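> Sequence and predicted structure, then a few things I'm wondering about:
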Amino acid sequence: DVSVLPKAADNFRVSLTGDQNSAVELATRLAAQLGSATEHGEHQVEPEVRDRLRKKVRSIARMARMFKTLREENEMVIKLKGVCPGHKLAPGLLLEGKGRLTSELELFGHAQAIDLVNEIRPHLEGKSSGGYPAAAAGPTDFREEFDEAKE
């Protein structure tokens, strides 16, 4: 749930973009205007005005969902660019949609998990401490072994 903010910052959130904050501000002003009219006992709002305001609020909610979707897809593309060779996406990948982007990212995660075994530091025979493999013992200076191999 959304935390309760102080009155001064009630309609502004840092996590939203400027456009999203302006949409929230507009909705807040509309709600305040409707609330003040009913509190002062003014005449009832005409059905046409009520419908028009309801449509505005619905369109703002639709825009908020659209902004959320765009942000999520942009984050996914950025993640995928980070794992692709040369930081470039495969041709046509964006055209295939969100499902393909997700499957491509999962495929990379699966390949990374499988390759994790190959990324482990090799075990050196006779170089272990306390029953742990040499990789757990810390960094090793291989210069001595390299010098011996050269001779």
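Received, thanks.
> Please count neighbours and contacts with C-alpha atoms only from this point.
Fine.
> is it true that Glu125 lies in a helix?
No - with DSSP: H, G, I helix; E, B strand; the rest coil as the criterion, Glu125 is coil rather than part of a helix.
> Skip ahead from the lengthiest helix in the chain and say which helix or strand is next.
Scanning the chain for the longest helix, with DSSP state H as the assignment, gives helix 47-83. The C-terminal neighbour of helix 47-83 among helices and strands, as given by DSSP states H and E, is helix 98-115.
> So which residues lie in contact with that following helix, not counting its own?
With C-alpha atoms under 8 Å, 6 or more residues apart in numbering as the test, helix 98-115 has contacts from 73, 76-77, 79-80, 83, 93-94.
> now the chain, which segments are flagged as low pLDDT?
Applying pLDDT under 70 to the chain picks out residues 1-13, 36-43, 126-151.
> run the last query once more with 90
1-47, 73-74, 76-151 (pLDDT under 90).
> Which positions in stretch 88-104 come out as buried?
89, 101 (16 or more other C-alpha atoms under 10 Å).
> swap that for stretch 14-33, sorry
For stretch 14-33, the neighbour count (16+ other C-alpha under 10 Å) marks 20-21, 23-24, 26-27 as buried.
> can you list these in a markdown table and add secondary structure?
Converted to a markdown table, the buried residues of stretch 14-33 look like this (three-state DSSP):
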| residue | secondary structure |
| --- | --- |
| Gln20 | helix |
| Asn21 | helix |
| Ala23 | helix |
| Val24 | helix |
| Leu26 | helix |
| Ala27 | helix |
